[in-house]
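J.: Could you work out the structure for the sequence below:
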Amino acid sequence: MKIASLAEIKKELSHLSEIELKNLIIDLSKFSTDNKSYLFFKLYERDNPRLYVEMVQEELEMEFVKANTRHYHFAKKSIQAIRRKLNKYLKLSKDKTAQIELILYFCEKMRLYGFMEFNHPVINNLYTLQISKVEKLISGLHEDLQYDYEFQINELKKVLR
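T.: This is a model prediction of the structure:
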């Protein structure tokens, strides 16, 4: 089965009535939780733009609390699972500042919950990758915003030394 291109789907959507579009969106939200969460954030971010960041931070905090840090192997597996969840949430947001804040939050929690104390190569590489990802995102922002985030980045880099 060949899936239609995005242009073809847009063309077909333009022919649908408002009621048909609503029903289609509701069906899509029932299909997966990712679709439902994306729809939720898009609908409610107009009222509260920080809602998305706050909800994701709350979710990540719960994951960090549940994480097993008794042994480096379990810590590595836990942080990889949390990073997968973070990446899923980053895909839902197109806002660069929200992505930066979430990655910085993730790195700060890694440091606070003792993941960096293991000095394990996989954990260190994961941390370094997140720092480089946030630096790349910051380089695309306005100079004033870059300066605001620079202090946080430098604090997080001290852990690697």
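
J.: Quick check: longest helix in the chain by residues?
T.: helix 72-92 (DSSP state H).

J.: contacting residues around that helix?
T.: Helix 72-92 has contacts (CB atoms under 8 Å, 6 or more residues apart in numbering) with 34, 37-38, 41, 52, 56, 59-60, 63-64, 66-69, 99, 102-103, 106, 110, 114-115, 118, 120, 122-123, 126, 130. Every residue, glycine included, has its C-beta placed from N, CA and C.

J.: Tell me what angle the next helix or strand after it forms with helix 72-92.
T.: Counting by DSSP states H and E, the next helix or strand C-terminal to helix 72-92 is helix 96-112. Put simply, helix 96-112 runs at 170 degrees to helix 72-92, going by axes from the mean of the first three to the mean of the last three CA atoms, to 10 degrees.

J.: Give me the angle between the helix or strand following helix 96-112 and helix 72-92.
T.: Following helix 96-112 in sequence order, the next helix or strand is helix 121-139 (DSSP H and E). Our comparison of helix 121-139 with helix 72-92, counting by the same axes, to 10 degrees, yields an angle of 20 degrees.

J.: Show me what the following helix or strand past helix 121-139 is packed against.
T.: Using DSSP H and E, the helix or strand that follows helix 121-139 towards the C-terminus is helix 143-157. Here helix 143-157 touches helix 96-112, helix 121-139, going by 3 or more CB pairs under 8 Å, 6 or more residues apart in numbering; DSSP states H and E.

J.: Turn those helices into JSON lines, columns for mean pLDDT and distance to residue 23.
T.: Shown next, in JSON lines, are these (pLDDT from 0 to 100; distance: least, CB to CB, whole Å):
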{"stretch": "helix 96-112", "mean pLDDT": "92", "distance to residue 23": "30"}
{"stretch": "helix 121-139", "mean pLDDT": "92", "distance to residue 23": "37"}
